[in-house]
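A.B. asks: predicted model, plus sequence, below.
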Amino acid sequence: MESGNLELQYFLSGITKGSIYAVVAIGFNLIYSATGVLNFAQGEFVMLGGMVAVTLARFVPLPVALAGAVAIVALVGCLLEILFFRRLQRHSILHLVIITIGLSIVLQEIALHLWDEKVRSLPYFTGNEISSLKFFGAAISPQVFWVLATVAVTVVLLHIFLKYTLPGRAMRAGSSNPSAAMLAGINIANMRTLAFGLSAAIGALAGCVISPITMTHYEMGAPLAIKGFAAAILGGLGNPMAAVLGGLMVGVLEAYSVSRLPAAYSDVTVFAVLLLVLFARPHGFWGRPGGESVREH
Amino acid sequence: MKRTYLLVAGICALGAQCLTQNIHAAAGGDSIKIGAIFSVTGPASFLGAPEEKTVRLFVDKLNAAGGIHGRRVELVLKDSGGSPEKAVSFAKQLIEEEKVLAIIGPSTSGETMQIKALCEENEMILVSCAAAEVIVNPTAKYVFKTPQKDSQAVTWIYRTMKDKGVRKIAVVSSNDGFGAAGKKQLEDMAPAEGIEILANEVYDKQATDLTDILTKIKGTRGVQAIVNWSIVPAQSIVAKNMRQLGMEMPLFQSHGFGNRKYVEQAGVAAEGTLFPAGRLLVVDELPDNHPQKALLAAYKKDYEETYKEDVSTFGGHAYDAILVVTEALKRARRPDRARVRDAIENLKGLAGTAGVFNFSPTDHTGLDLTSFEMLTVKDGKFAIYRK
């Protein structure tokens, strides 16, 4: 293989990984936008989405299974908010973040008992395990385009929802200034439930589209959440587009690191760059100080 | 005269009563405790889960058939979740509180090494289900293991490579205990076997995609084959990514590939994958007079009927461990730890799932190279590889 193609192949490999991180990072962003909370159980929503879809796919056609998985996990997201957040006396960010960490552990254990320890996966949406698209001698799995398409559609829909619809604007208002929003007649608690449900749905969708590439098992959530979190931070919290760019950057950075250094150093490279970026721009590439961009949008 | 009759009758009655009491004691109250530590959950659950199921099945059948010398075997199962710390505390519990006759497991080499010295000090029999060479080398008096050694797997891989004319290879492995042990073994044995490792990469065990590492190997001149040493899901991802990149060179996997589920996960990408494994996976291909045939077929049938899932070589290691302990117990005649230990060391020609065991004071694995077979994947099924 010529060296030019090799570079392109590394890039495509980075895009493959990056698309996975990006789709996870979007969910992080949404809850943050709506509530100011970093939801560390986001990775578990991804895992649940994949698990439910794999189970449903045994009985119904794939598209129905995907829709079912997204609906079920969205419901789980809403329920979690109602059960664990609504009754809290004080909604300090720290409390909420710690609860999400607890939830992630609980969800993982529940998944282990509902299903088992085995690794499963959805079939490739197009082609099979060995199909790939060739560009100038470099190859990429068609599933990556499904992931990228999902990312694009989600980002556009989210943008429209948050900016132009009443519930979306209410959600942002509730996060930007809770007391003013309440005075204006917005039910903050319901908005938070909606945000959890939505980001659970996005997580579940992510879990479905990445399942053929990464495969699905009960422990997959945490490592994905860490990378998705890094992607969201690098891009700048709050802005869904920034999360996507952040995800792709992390992926390409990893691939570039593998091409130059032993593969074991790829995580070191990513987090070193992340730290350097945070020193120079504490709010990430496209974020504004204090996460303002989230709320102002 | 009459009094004598009465006396005799009385003594007989007393004797009979004592006898029945003895029988009662033997059948119920006084069972033989065997401890087991498996990582039923956690990262090594693919090992621990089938191991636990297998041991339960084995002991249930044994007790249904009357136990050993009329005594029931009681299993004390502990789930370590793959954590060496938990394995240590469970081992202490089994030794000090439960006072078991022997411990089988743990599932992983890391956990086993943590409790090796503990068992040796307390003269507790340990029959590990983990593969690493260090468990039995240097030999500890009370420590045994049932899986084939890593080095034997590597020998099989290198010899198959030489048969195929492969001399220059790339090694990829995961950053966990299993991957690290395999990597070291591959590196150590390569020079003696005349194999040159041109690329050697380690990846995160939770990696989601490995095309970047494989691209690097594709760009390394002269690589004729790849060896991957990891567990699921990475071992399926490697196979898929290689074919997606259009790499046609042979892919060798470790003996950790021994579960049909993994073949399903990799789909058509698994076709042609080569890996050394015990004969459990290809029992249908064995001739009827093979010493392991009957045992393998029975285990596979029982397991698959009871649990509705495919049998794996890992469950087989636990089968062998409990088989070794109970067989030695039968020969020792009474549950005396030192006697049972000696009996294990003297087991010869014992057919298990991994091979035919021949233990000796210097060999606490008891398996030689013939316990492996080179397998390949053909039409989604395991088959014996023929040149």
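C.D. replies: Happy to help now that I have it.

A.B. asks: strands of the chain, residue ranges please.
C.D. replies: As the question left the chain open, I've gone with chain A. With strands called from DSSP state E, chain A shows them at A:133-135, A:138-140.

A.B. asks: the chain in question should be chain B.
C.D. replies: Under the criterion DSSP E, chain B contains strands at B:32-38, B:73-79, B:102-104, B:125-128, B:143-145, B:168-174, B:196-203, B:225-229, B:251-253, B:274-277, B:350-351, B:356-357, B:373-378, B:381-384.

A.B. asks: of those, which approaches A:Ala184 most closely?
C.D. replies: strand B:196-203 (51.9 Å; C-beta to C-beta). No exception for glycine: its C-beta is placed from N, CA and C like everyone else's.

A.B. asks: report the mean confidence score over that closest one.
C.D. replies: The pLDDT scores in strand B:196-203 average 92.

A.B. asks: please see if it touches chain A.
C.D. replies: Yes - with C-beta under 8 Å from any C-beta of the partner chain as the criterion, chain A is reached by strand B:196-203 at B:Glu201, B:Val202, B:Tyr203.

A.B. asks: neighbours of A:Leu275, how many?
C.D. replies: Per other C-beta atoms under 10 Å in any protein chain shown, the neighbour tally for A:Leu275 reads 10.

A.B. asks: quick one: pLDDT of it?
C.D. replies: Reading off the model, A:Leu275 has pLDDT 89.

A.B. asks: chain B contacts on the stretch 151-297 of chain A?
C.D. replies: In this structure, the stretch 151-297 of chain A approaches chain B at residues A:210, A:213-215, A:217, A:219-220, A:223-224, A:254-255, A:258-259, A:262-264, A:266-267, judged by C-beta under 8 Å from any C-beta.

A.B. asks: can we see that at 10 Å?
C.D. replies: Taking C-beta under 10 Å from any C-beta of the partner chain, the part of the stretch 151-297 of chain A that reaches chain B is made up of A:210, A:212-220, A:222-224, A:226-227, A:251-252, A:254-260, A:262-267.

A.B. asks: show me the contacts for the residue in chain B that chain A sits nearest to.
C.D. replies: Closest approach between chain B and chain A, counting by C-beta to the nearest C-beta: B:Ser45, at 3.2 Å. When contacts are counted by C-beta atoms under 10 Å, 6 or more residues apart in numbering or on different chains, B:Ser45 touches A:112, A:116-118, A:217-219, B:38-39, B:51-52, B:79, B:81-82, B:107.

A.B. asks: just name the closest of the residues you listed to B:Thr146, please.
C.D. replies: B:Glu51 (10.5 Å).

A.B. asks: roughly how far does that closest one sit from A:Glu219?
C.D. replies: 19 Å (C-beta to C-beta, to the nearest Å).

A.B. asks: check A:Ala67 too.
C.D. replies: When distance is defined by C-beta to C-beta, A:Ala67 is 26 Å away from A:Glu219.

A.B. asks: give me the more crowded residue out of these two.
C.D. replies: Higher neighbour count among A:Ala67 and A:Glu219: A:Glu219, with 18 against 15, using other C-beta under 10 Å.

A.B. asks: so that one is in contact with B:Phe46, correct?
C.D. replies: No - with contacts defined as C-beta atoms under 10 Å, A:Glu219 does not count as touching B:Phe46, sitting 11.3 Å away.

A.B. asks: what's the overlap in contacts for the two?
C.D. replies: The contact lists of A:Glu219 and B:Phe46 share A:Glu117, A:Val119, where a contact means C-beta under 10 Å, 6+ apart.

A.B. asks: ok, and the closest non-adjacent residue to the residue positioned nearest the centre of chain B?
C.D. replies: Most central in chain B under C-alpha atoms, centre = their mean is B:His317, positioned 2.4 Å from the mean C-alpha point. Closest residue to B:His317 apart from its sequence neighbours, by C-beta to C-beta, 6 or more residues apart in numbering or on different chains: B:Cys129 at 4.1 Å.

A.B. asks: for the residue of chain A found nearest chain B, give me its contacts.
C.D. replies: Residue nearest to chain B within chain A (C-beta to the nearest C-beta): A:Glu117, separated by 3.2 Å. Shown in contact with A:Glu117 (C-beta under 10 Å, 6+ apart): A:111, A:217-219, B:39-50.

A.B. asks: out of those, who's the most crowded?
C.D. replies: In terms of neighbours by other C-beta under 10 Å, those top out with B:Leu47 at 33 neighbours.

A.B. asks: does that one touch B:His317 like I think?
C.D. replies: Yes - B:Leu47 is within contact range of B:His317, at 8.0 Å (criterion: C-beta under 10 Å).
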